[in-house]
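Asks: I'll drop the sequence and a predicted model, then ask my questions.
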Amino acid sequence: MDEAAKKTILRKFTYGLYAITVRDGDRRNAFTANWVSQVSFEPPMVMVSVENDGESIKLIEASGRFAVNAFASGLRELAGSLGRKSKNVPNKLEGLATFDSPGGLPLLSDAVGWLECRVRGKLPTGDHTVYVAEVVEAGQLSDADGLTMKETGFRYFG
């Protein structure tokens, strides 16, 4: 495979950036994700791809739930901080303005909006696992445009 071509083309894909927030009991965490997409209208469903070696996948597995928080344009620093590994930053939500979803998941007050999701299926996909989840609650917090990978200049591609 032409590695340079692969990276160039993957960097042409358009991605938004999202904070995925999770909770199992008193344990809470968040991470920045860009591989998120709607996959069904009825019922409303989304998918997210989660790194297999992260802390959050353990909480998703234990609780069967997660929330998708859409970052507003301009929140590059926040997206970057939530993208750090939990072993280096064990309490990524500390000091951030949050509130709880109807189902008790942490949500970011600075998000454009959020989706509370219940896992309906999963598929191992190399170094990630793809979760397909039904949207069970939703809320809009602002009319701001969403943050994109292109805006941030982040490089999270093959």
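Replies: Received, thanks.
Asks: Give me the residues contacting the helix or strand Ile60 falls within.
Replies: When elements are assigned from DSSP states H and E, Ile60 belongs to helix 56-63. Applying Cβ atoms under 8 Å, 6 or more residues apart in numbering, the external contacts of helix 56-63 come out as 20, 22-24, 27-31, 50-51, 66, 86, 119, 129, 131. From N, CA and C alone the C-beta is placed, and that goes for glycine too.
Asks: Put the buried members of these into a ChimeraX selection.
Replies: Here is the ChimeraX command that selects only those of the contacts of helix 56-63 that count as buried (16 or more other Cβ atoms under 10 Å):
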select :20,22,23,24,28,29,30,31,50,66,86,119,129,131
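Asks: between the contacts of helix 56-63, which is closest to Lys7?
Replies: Nearest to Lys7, judged by Cβ to Cβ, of those is Glu51 at 18.7 Å.
Asks: For stretch 83-100, give the mean pLDDT please.
Replies: Mean pLDDT, stretch 83-100: 85.
Asks: Buried residues, that stretch. List them.
Replies: Neighbour counts over stretch 83-100 (16+ other Cβ under 10 Å) mark 83, 86, 92-93, 96, 98 as buried.
Asks: where exactly do the helices run in the protein?
Replies: With helices called from DSSP state H, the chain shows them at 3-10, 56-63, 76-82, 149-152.
Asks: Neighbours of the residue lying closest to Thr148 once chain neighbours are set aside, how many?
Replies: Distances taken as Cβ to Cβ, 6 or more residues apart in numbering place Gly16 nearest to Thr148, at 5.7 Å, with adjacent residues excluded. Using other Cβ atoms under 10 Å, Gly16 has 18 other residues around it.
Asks: ditto for Asn34
Replies: Using other Cβ under 10 Å, Asn34 has 21 other residues around it.
Asks: What of Ala19?
Replies: The tally of other residues near Ala19 (other Cβ under 10 Å) stands at 28.
Asks: Pro43 too?
Replies: 9.
Asks: which ones are touching it?
Replies: Pro43 makes contact with 134-135, according to Cβ under 8 Å, 6+ apart.
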